[in-house]
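Engineer: heads up, no residue letters with this:
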């Protein structure tokens, strides 16, 4: 932000077209000009004050207090998943969720309080709302309950939660292995890296699904991979269709070795997906020479399980 400094000397003379004109009649004109210029300068100064000194709004989320947010919109993504957009109290509010963290959702279902953790795919750059991408499972209590919400109905949320907080420069390279809706924390991190030109972190994603139709947000992932040379994505399907050119079957140690950064002090491997998959990937990573992850991951761990 820059300012133009304007100096005006008011006397019985005014400068017009390079000539000094001495006339008291010009005083009202000069006074009006000074008023206009001063108003413009004051407006710039006030904007600068807001820019440099005002603090951003406090986050809406609270780790101690459950809060309710209304459903604004539901956008179908696949045959069994959708993006749910929830409103914040004010249009310029921010949720207040660090990159890599998640929220808890609580609902009373059949007389019992049920809690589940979800990672919003939106960020604090998105004002006035937050987005959740959720797959509805036949036996999923919370996912079925959310799928049945009508616009205007609310969910009960608390957070942020989690041990992982991403910041630029955390590592040189990230390897990500995601299954199904396990893509949500990965996408949050990928978006943050890709929209920051100063962040040179290399990201390699292995995204496993059952069928092609199960791949969430593929168009966005492909776009990011096409437009950001530091991000690559490898898809693997359990049941590929005829003509599929990506990976097929389970993610093997060979697939990890080919697509993820090698073990080093300045890399991390991030895992998120169904428990059986995470157990298998944990064993694969250990066999490939990565540090053995602890049962509850910490930010310092080389292999982090969401």
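Structural biologist: Great, that's in hand. It should be emphasised that the depicted structure is a prediction, and the values quoted were computed from it without experimental measurement.
Engineer: Just give the number of residues close to the closest residue to residue 264 other than its chain neighbours.
Structural biologist: Leaving out its chain neighbours, the residue that sits closest to residue 264 by CB to CB, 6 or more residues apart in numbering is residue 172, at 7.6 Å. Using the backbone N, CA and C atoms, a C-beta is placed for each residue, glycine as well. Around residue 172 there are 14 other residues, counting by other CB atoms under 10 Å.
Engineer: my read: residue 172 touches residue 204, true?
Structural biologist: No - contact criterion CB atoms under 8 Å: residue 172 and residue 204 do not qualify, at 11.9 Å.
Engineer: Just give me the residues shared between the contact sets of those two.
Structural biologist: residue 261 (CB atoms under 8 Å, 6 or more residues apart in numbering).
Engineer: can you list the domain ranges for the chain.
Structural biologist: Domain ranges of the chain: 13-53, 67-161, 173-305, per automatic domain parsing.
Engineer: Those domains: which one's closest to residue 59?
Structural biologist: domain 67-161 (1.9 Å; CB to CB).
Engineer: Surely residue 120 is in a helix?
Structural biologist: No - read with DSSP: H, G, I helix; E, B strand; the rest coil, residue 120 is coil and lies in no helix.
Engineer: Not counting its neighbours along the chain, what's nearest it?
Structural biologist: Residue 120 sits nearest to residue 130 (CB to CB, 6+ apart), 4.6 Å away.
Engineer: is it true that the one you found touches residue 119?
Structural biologist: No - in this structure, residue 130 is not within contact of residue 119 by CB under 8 Å, at 10.5 Å.
Engineer: packing partners for whichever strand or helix holds the residue nearest to residue 120?
Structural biologist: Per DSSP states H and E: residue 130 is located in strand 129-135. If contacts are counted by 3 or more CB pairs under 8 Å, 6 or more residues apart in numbering; DSSP states H and E, strand 129-135 sits against strand 67-78, strand 81-87, helix 141-147, helix 183-194.
Engineer: Nearest to residue 230, out of these?
Structural biologist: helix 183-194 (7.3 Å).
Engineer: starting at the chain centroid, how far to that closest one?
Structural biologist: With CA atoms, centre = their mean, to the nearest Å as the basis, helix 183-194 stands 6 Å off its chain's centre.
Engineer: Tell me which helix or strand comes right after it.
Structural biologist: On the C-terminal side of helix 183-194, the nearest following helix or strand under DSSP H and E is strand 202-209.
Engineer: Note down every partner strand of that next one and its orientation.
Structural biologist: Sheet neighbours of strand 202-209, with direction, are listed as strand 173-179 (parallel), strand 231-237 (parallel) (DSSP bridges).
Engineer: could you check the angle helix 183-194 makes with the last one?
Structural biologist: Between the axes of strand 231-237 and helix 183-194, defined by axes from the mean of the first three to the mean of the last three CA atoms, to 10 degrees, the angle is 160 degrees.
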